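>>> Pasting a predicted model and its sequence here:
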Amino acid sequence: LFLIDAQADISKDDAAVAELLRSAPERVILVANKVDNESIAEDLAGFWRLGLGEPHPISAVHGVGVADVLDLVVNRFPDVEEEDRKDDSPRTLAIIGRPNVGKSTLLNNLLGEDRVVVSPIGGTTRDPIDAPVEIDGISYTLIDTAGIRRAPKVGEDAEFYSILRAKEVLRDADVALLLIDALEGVTHQDQRIAEEAAESGAGLVVILNKWDAIDTEEREWTEDGVADRFGFVDWAPVLRISALTGSRLKRLGPAVERVLVNRASRIPTGELNRLITAWTQAHPAPVRKGRRPRILYAVQAGTEPPTIILFVSGGELGEDYLRFIENRLRERFDFEGSPIRLIARRKNRRPR
């Protein structure tokens with residue numbers, strides 16, 4: 001980024017730097033700062049003489065035009081994620097959930113073989129399970145978290161080990177398949193594991209297993225429990241299957257692919273900032289500790305999961321307002337199955 005003063009003439013130093021940069025003009029973005037009004041913006045033609053292409057107007061003080069410049073910068077970055085996937089390495093699916101909810105049964109069904117011994121006693125699978133599998137013609141690596149269990153000592157909580165197993169595999173997972181026993185409904189332990197999945201950044205698909213074993217009234221009760229206890233991950237698709245018979249299992253492949261696509265989504269910086277400006281003007285952030293925070297601009301810094309940085313002046317943005325921004329983003333864009341990370345950064349004033 002070559003920054004020039006839009007309110008001053010081209011200096012000898014400007015010309016000297018421009019001469020050095022002209023050897024690779026395609027790698028240079030000419031940025032004219034201090035464009036604080038329309039009259040200055042209309043008087044930038046003279047900067048074309050630098051031979052570095054169009055001067056892009058901004059006002060660093062007011063944050064005007066910064067989002068458009070950030071868009072130009074991001075668009076010129078090499079697509080590292082696509083390069084990383086050129087080896088066609090399969091995406092990783094982690095089967096997570098409480099003991100004895102049908103994780104090993106699901107794994108066996110997807111593999112088409114009895115790779116794991118299935119028992120009504122929870123935690124019988126002890127060896128780590130890491131297997132290649134094809135779903136709808138697409139290759140994945142499937143991990144069954146039942147294989148990471150270790151025998152608890154007397155007095156130790158089994159819930160602790162369920163969550164520990166989930167943490168271990170979620171580190172490398174692209175999508176987590178959270179199995180819920182539809183007969184028992186959503187438990188506190190299921191909530192804890194879902195929290196770990198959301199915090200890990202992996203995509204999430206909630207699977208209500210043993211669906212064919214419950215009647216209409218029980219199904220309504222189970223679905224009410226999902227809506228009530230999984231409100232914090234209401235963005236995750238919910239499938240209703242039978243891991244034992246394979247009923248409705250054909251819906252898993254399309255759901256996983258949709259989540260992978262959404263998790264890699266990117267919002268153009270200009271559009272992102274226009275939307276956030278409109279939302280914050282309609283519903284300003286609440287005053288905290290006597291100061292009202294103001295979002296100056298935003299940029300999506302990464303994908304998998306989508307990560308958006310909000311540059312803020314004034315007070316601090318509370319979790320409730322970040323949730324408000326996330327909800328507006330989900331209403332506007334398809335992020336089904338993917339968490340969104342919103343990071344608020346305070347913009348400190350430079351010393352004069």
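Right, received. Where do you want to start?
>>> Specify the local secondary structure of V61.
Following DSSP: H, G, I helix; E, B strand; the rest coil, the label given to V61 is coil.
>>> Please work out how many residues are found near it.
Using other CB atoms under 10 Å, V61 has 11 other residues around it. For every residue, glycine as well, the C-beta is placed using N, CA and C.
>>> Okay, it and D14: tell me how far apart.
Distance of V61 to D14, computed by CB to CB, to the nearest Å: 20 Å.
>>> just A182 next, same as before
Using CB to CB, one gets 69 Å for the distance from A182 to D14.
>>> try Q7
Distance from Q7 to D14, by CB to CB: 13 Å.
>>> who has more neighbours, these two?
More crowded of Q7 and D14, by other CB under 10 Å: D14, with 17 against 12.
>>> So what's the residue count around the nearest residue to P306 once chain neighbours are set aside?
Once flanking residues are discounted, P306 sits nearest to I340: 5.2 Å by CB to CB, 6 or more residues apart in numbering. With neighbours defined by other CB under 10 Å, the count for I340 comes to 23.
>>> Next up, the contacts around I340.
I340 is in contact with 305-308, 326, 329-330, counting by CB atoms under 8 Å, 6 or more residues apart in numbering.
>>> Identify the farthest-apart pair in those residues.
T307 and R330 (15.0 Å; CB to CB).
>>> Could you give me the buried positions within stretch 323-342?
324-326, 328-329, 333, 335-342 (16 or more other CB atoms under 10 Å).
>>> and which of these is nearest L142?
Nearest member of those to L142, counting by CB to CB, is G337, at 17.3 Å.
>>> measure that closest one to R345 for me?
The value you get for G337 to R345, if CB to CB is used, is 27 Å.
>>> One more: S313?
S313 sits 10 Å away from R345, going by CB to CB.
>>> the more surrounded of the two?
S313 (15 against 11).
>>> Can you show me the strands along the stretch 51-200 of the chain?
Here the stretch 51-200 of the chain has its strands, by DSSP state E, counting those that start in this stretch, at 56-57, 91-96, 129-135, 138-144, 175-181.
>>> the inter-axis angle of the fourth one versus strand 91-96?
This points to strand 138-144. 30 degrees (axes from the mean of the first three to the mean of the last three CA atoms, to 10 degrees).
>>> How about strand 138-144, which residues are buried there?
With burial defined by 16+ other CB under 10 Å, the residues of strand 138-144 counted as buried are 140-144.
>>> what number of residues lie near V73?
Neighbour count of V73, defined by other CB under 10 Å: 12.
>>> Any chance of the backbone angles for the closest residue to it other than its chain neighbours?
Sequence neighbours aside, I29 is the residue nearest to V73 in space, at 6.8 Å (criterion: CB to CB, 6+ apart). Torsion angles at I29 (phi, psi; degrees, to the nearest 10) stand at phi -120, psi 120.
>>> neighbours of I29, just the number please.
Neighbours of I29 (other CB under 10 Å): 17.
>>> repeat for G51
Each residue near G51 was counted by other CB under 10 Å, and the total is 13.
>>> Same check on T92?
T92: 18 neighbours (other CB under 10 Å).
>>> Could I get the contacting residues of it?
140-143, 172-175.
>>> Could you save those as a markdown table and add columns showing distance to Q189 and pLDDT?
Formatted as a markdown table, the contacts of T92 follow (distance: CB to CB, whole Å; pLDDT from 0 to 100):
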| residue | distance to Q189 | pLDDT |
| --- | --- | --- |
| Y140 | 26 | 94 |
| T141 | 26 | 92 |
| L142 | 22 | 90 |
| I143 | 19 | 86 |
| D172 | 23 | 84 |
| A173 | 19 | 93 |
| D174 | 24 | 96 |
| V175 | 21 | 97 |
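>>> can I get those in a markdown table with distance to F230?
Below are the contacts of T92 laid out as a markdown table (distance: CB to CB, whole Å):
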| residue | distance to F230 |
| --- | --- |
| Y140 | 24 |
| T141 | 26 |
| L142 | 23 |
| I143 | 22 |
| D172 | 24 |
| A173 | 18 |
| D174 | 20 |
| V175 | 16 |
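>>> Would you mind measuring from the nearest residue to V17 once chain neighbours are set aside to T269?
Spatial nearest neighbour of V17, chain neighbours left out: F2 (6.6 Å); criterion: CB to CB, 6+ apart. Between F2 and T269 the computed distance is 19 Å (CB to CB).
>>> For those two, indicate the residue with more neighbours.
T269 (23 against 16).
>>> list the contacts for the closest residue to the more buried one other than its chain neighbours?
Nearest residue to T269, sequence neighbours excluded (CB to CB, 6+ apart): D71, at 3.9 Å. With contact taken as CB under 8 Å, 6+ apart, D71 is in contact with 268-270.
>>> how near is D71 to H56?
Distance from D71 to H56, counting by CB to CB: 10 Å.
>>> next one: H283
Distance, H283 to H56, by CB to CB: 30 Å.
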